[in-house]
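Enquirer: only geometry, no sequence info:
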């Protein structure tokens, strides 16, 4: 599995912690930035991660901004992306089980590092349940052209 990883300045520190965890777990990733704490615009990084996932360059994506809200809004504008915010393990698990989310959005100013790592781990290790949920994913695609 390859994960596209991106953050703005507010998510930079948490992104770096997630990167370190990816390295420890031998998870392949592509870091699209930001690479510093200087103020920057989150849509740029959300777009980079979202297009990497939508194109198949990465199977999944993780985005971090201050709250996760802006990243999630932007990522969901990209055809083929189903981005979900998660502030706890249950949200992460359900976003995969029922919604087949392919991009996870986190809040760098909301989550402690250990909680974020737990959320990422559960999200990456949870598979889509399919069944009746596949019908709903198909309907989303019909409605949005995704």
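Expert: All right, it came through fine. From a predicted model like this one, the values you see are computed outputs, not experimental measurements.

Enquirer: tell me how many other residues crowd residue 15.
Expert: 26 (other C-beta atoms under 10 Å). Where C-beta positions appear, they are placed from N, C-alpha and C, glycine not excepted.

Enquirer: can you pull the buried residues of whichever strand or helix holds it?
Expert: Take DSSP states H and E as the rule and residue 15 turns out to sit in helix 12-25. Judged by neighbour count using 16 or more other C-beta atoms under 10 Å, the buried positions of helix 12-25 are 12, 14-19, 22.

Enquirer: residue 140 contacts residue 82, doesn't it?
Expert: Yes. In this structure, residue 140 is within contact of residue 82 by C-beta atoms under 8 Å, at 7.3 Å.

Enquirer: looking at those two, which is more packed in?
Expert: Of the pair residue 140 and residue 82, residue 82 is the one with more neighbours under other C-beta under 10 Å, namely 20 against 14.

Enquirer: list the contacts for that one?
Expert: Residue 82 makes contacts with 76, 99-103, 137, 140, 146, as judged by C-beta atoms under 8 Å, 6 or more residues apart in numbering.

Enquirer: before we move on, what about residue 61?
Expert: The contact partners of residue 61, by C-beta under 8 Å, 6+ apart, come to 3-6, 49-50, 52-53, 75, 81, 83, 102-104.
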